[in-house]
Structure formats: C-alpha cells, structure tokens
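Asker: structural data only, the sequence is not supplied:
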C-alpha cells in the first residue's frame, strides 16, 4: 500500500506538497530587499526614513493575500478569468476619472489616504485571461496571424490604456508577457515575419505621434549617455557611477558614497540595485541575479510539471512577469536599456508592486502544490494499485 505521505500528495494536501524552494527563494529576495531599502533611505529625507518599515507591512499583507491565492484551487481562477480581466479594465478606465497625478502621470487611484496602481494588478489579470484562452483553445497545429487576434486583443486593450496614462514601462511589461506566453504555442514562420514587419511600421508612427517628450529624451540619453548629464541623464549616470564604485566586494553596508551623499535619485523605487551594487559589489550582485534567475527557472519547472495547460500558462506568465521586470530594471540601471521606470521585484519599495509580485508567487505556489492532485474519481483506483 502507498504511504500516508503518498496518499496526502494524491489529495494535494498543502502540508506535504508545499513548495519550500519557491518560498525560501522569494523570502530571501524580500529580506535582502528590506535590508537594502534600509541602506537606501538611511540618510534620505525624513519622508523616506521609515520606508523600509512600510515595505515590511506590504510584504506581510502580500504574504497573507498570496497564501489565500495559493489555497484556492487555481481552476477557480480559470472560471473567473475573463471576469477578473474585465474588472481590471474597469479600474484602468477609472484611473482617468479618479486618478491621482504624480510627476505628470495619472496612474494611481486614491481612496482617502490609501492609493493603488491598477496597472500593476492588471498584469496578473492579463496572465489569467491569456491562460484561460489557451486552455479553452488547446490546438497543437501552428497558429496563424488570425489565430493570435484574440489574445493580441486581450493584451492590446490594457496596453493602450496604460500608454495613455502614460506609463511606457508597465505597458512594455504587458506586451512582453503576451510575447512570452505566445512562445508556448507553435506559430507559423509567415506569422512571425508579419509581426516583425508590422512592428517595423508601427514603431516610427509611435515615436512620432504617441511618445511623450520626456520618453524621447530618455531614449536619446540611452543612445548618447554623456548628453545632458545634469538633466535627463542624471539618473542613469549616477546609477552607473554607483555600480562602478562598488568594485568587486563593495564599499560596505550603508557605506556607498553615491547613495549616502544623495547623488542617486529614486534609490528606493527605480534604482535600489545601484545602492546594492555600491554596498556589496560584483559578488553581491552575482548572488542577487542568481536568485532572480533561479526563481524564473523554478517557475518554468513548475510550468513543465503542471497538470494542465491553464496551470502551465499561469506559471509561465508569472515567471515572465518576474523575468521582464528584472531585465528592464537591471538593464536601465546598468545602462543597457533606456530608463523606463520599471520596479525590481521584491526589491523596490511600493505597495501595488509588492502585492502584485506576492500574489504572483501565490499563483506559482498554487500550481506547484497541485501538481500531485488527482481527481476523486481516480483516487480509489490509484490507491488500490499499491
């Protein structure tokens, strides 16, 4: 007969199928992130002095919500996929009515003293909607451009609304989540060529008619890093200086001069990696990047062992969310990519961003724990084989 542990795994009991690897990796990133925020705001203005404490509160709340998301069988999210997507679209529209303007962008909805950013949560709603679509349309033959119209439309609506806020970085994250999910399906090479040609036509039009002046300046600074060092190039320049100052071993915890003398702007939100690099150097950065890489690879592993297509796409979607956030943030801080204002998962301060990542971790845990679940109709026959 099967052991009690094997029977528990068949029934999907969380106690025995809890993914400790996922939990410990995410926890390590969160703890390092809080310690780094303490360093980043240690000599900052009074308004930022307790931001690391706020981060702990958000992580605790995110952990509770993530646990709730993990406990509920993820197939319920499949049934509610389009409803959740619709709710997300409604909140994106409400941003233009109730939105709070910060630095020329209206991205937050304020309710009293509480504010949240709907575009952050829309990332998860989009992942769930795309997963539901592919689950309901499980074809194996190569897809044509016509077959991609529906998932592309699901992506285009929130992406367009987010671009109008404007928030280029978050819009790109939605777009790259869609591209990553599409990689799960077979696509005809003619379709890929058509997409590339369409993008080549759209990008010049987007640059001319849709991009804001400050967004163009960021790209121009990326192409010419020495231009306008006292203006739009200030952020990227001092981030690179901080990373270089860290050397191999770093200057020590809370000893980075770029951070301590306040040369590094937005060190708690967009540029926490520069603070970390200056404090801990190349070897510390290597550990941090390895943790992110391992987390993404673990998400792929969960997807590969998921018991259905919906679970697999969920896992890939969350993995893509974490991957592209890390790529864009690390890329803009190191000068490999233009500055687009994308947060570093579990490292950057911010309530909506932290909650989104923690809920995504909850979805990953959900799929991981139910890899061993067997429907009740099959349980008796499986147990009798022992």
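Answerer: On my side now, so go ahead. As the structure is a computational prediction, the values presented were derived from the model and not from experiment. Numbers count the residues shown, from 1 in each chain.

Asker: and for the residue lying closest to residue 337 once chain neighbours are set aside, the neighbour number?
Answerer: Excluding the flanking residues, the one nearest residue 337 by Cβ to Cβ, 6 or more residues apart in numbering is residue 331, at 3.3 Å. Using the backbone N, CA and C atoms, a C-beta is placed for each residue, glycine as well. Neighbourhood size, residue 331 [other Cβ atoms under 10 Å]: 16.

Asker: now do the contacts for residue 285.
Answerer: 243, 246, 273, 276, 277 (Cβ atoms under 8 Å, 6 or more residues apart in numbering).

Asker: show me the two of those residues that sit farthest apart.
Answerer: Within the contacts of residue 285, 246 and 273 form the most distant pair, 10.5 Å apart (Cβ to Cβ).

Asker: on that earlier part again, got a markdown table for the contacts of residue 285, with secondary structure, distance to residue 82 and pLDDT too?
Answerer: As requested, the contacts of residue 285 are exported to a markdown table (DSSP: H, G, I helix; E, B strand; the rest coil; distance: Cβ to Cβ, whole Å; pLDDT from 0 to 100):
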| residue | secondary structure | distance to residue 82 | pLDDT |
| --- | --- | --- | --- |
| 243 | helix | 43 | 86 |
| 246 | helix | 47 | 83 |
| 273 | helix | 36 | 92 |
| 276 | helix | 40 | 93 |
| 277 | helix | 42 | 92 |
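
Asker: circling back: surely the residue nearest to residue 337 and residue 325 touch.
Answerer: No: using Cβ atoms under 8 Å, residue 331 is not in contact with residue 325; the gap is 10.7 Å.

Asker: sorry, back to before: let me know the pLDDT of the residue nearest to residue 337.
Answerer: What the model reports for residue 331 is a pLDDT of 91.

Asker: from residue 56, how far off is it?
Answerer: As judged by Cβ to Cβ, to the nearest Å, residue 331 and residue 56 stand 28 Å apart.

Asker: do residue 320 as well
Answerer: 27 Å.

Asker: residue ranges with poor pLDDT in the stretch 51-200 of the chain?
Answerer: Scanning the stretch 51-200 of the chain with the threshold set as pLDDT under 70 gives 100-105, 112-113, 138, 140-142.

Asker: the helices in it, which residues?
Answerer: 51-71, 75-79, 81-98, 118-136, 149-163, 168-182, 189-209 (DSSP state H, counting those that start in this stretch).

Asker: report all helices and strands that the second one contacts.
Answerer: For helix 75-79, the elements it packs on are helix 118-136, helix 309-334, judged by 3 or more Cβ pairs under 8 Å, 6 or more residues apart in numbering; DSSP states H and E.

Asker: let's see that with 6 Å instead.
Answerer: Helices and strands touching helix 75-79, by 3 or more Cβ pairs under 6 Å, 6 or more residues apart in numbering; DSSP states H and E: there are none.

Asker: of all the residues in it, which ones are buried?
Answerer: By neighbour count with 16 or more other Cβ atoms under 10 Å, helix 75-79 contains the buried residues 77, 78.

Asker: so what's the gap between that helix and the chain middle?
Answerer: 21 Å (Cα atoms, centre = their mean, to the nearest Å).

Asker: can you tell me what sits against that helix?
Answerer: Contact with helix 75-79 is made by 128, 132, 310, as judged by Cβ atoms under 6 Å, 6 or more residues apart in numbering.

Asker: repeat for the fifth one
Answerer: Residues outside helix 149-163 that contact it (Cβ under 6 Å, 6+ apart): 92, 119, 122, 129, 130, 133, 170, 171, 174, 175, 178.

Asker: tell me the angle that helix makes with helix 189-209.
Answerer: Relative orientation of helix 149-163 versus helix 189-209 (axes from the mean of the first three to the mean of the last three Cα atoms, to 10 degrees): 20 degrees.

Asker: got a winner among the contacts of helix 75-79 for most neighbours?
Answerer: That'd be residue 128 among the contacts of helix 75-79, by other Cβ under 10 Å, with 25 neighbours.

Asker: for that one, which non-adjacent residue is closest in space?
Answerer: Nearest non-adjacent residue to residue 128 (Cβ to Cβ, 6+ apart): residue 81, at 4.8 Å.

Asker: surely the one you found meets residue 132?
Answerer: Yes: using Cβ atoms under 6 Å, residue 81 is in contact with residue 132, at 3.3 Å.

Asker: what touches both of these two?
Answerer: Contacts common to residue 81 and residue 132, judged by Cβ under 6 Å, 6+ apart, are absent.

Asker: next, the buried residues of stretch 295-307.
Answerer: For stretch 295-307, the neighbour count (16+ other Cβ under 10 Å) marks 295, 296, 298, 299, 301, 302, 303, 306 as buried.

Asker: ok, the residue nearest to residue 344 when sequence neighbours are not counted to residue 339 distance?
Answerer: Excluding its sequence neighbours, the residue lying closest to residue 344 (Cβ to Cβ, 6+ apart) is residue 329, at 4.2 Å. Separation of residue 329 from residue 339 (Cβ to Cβ): 10 Å.
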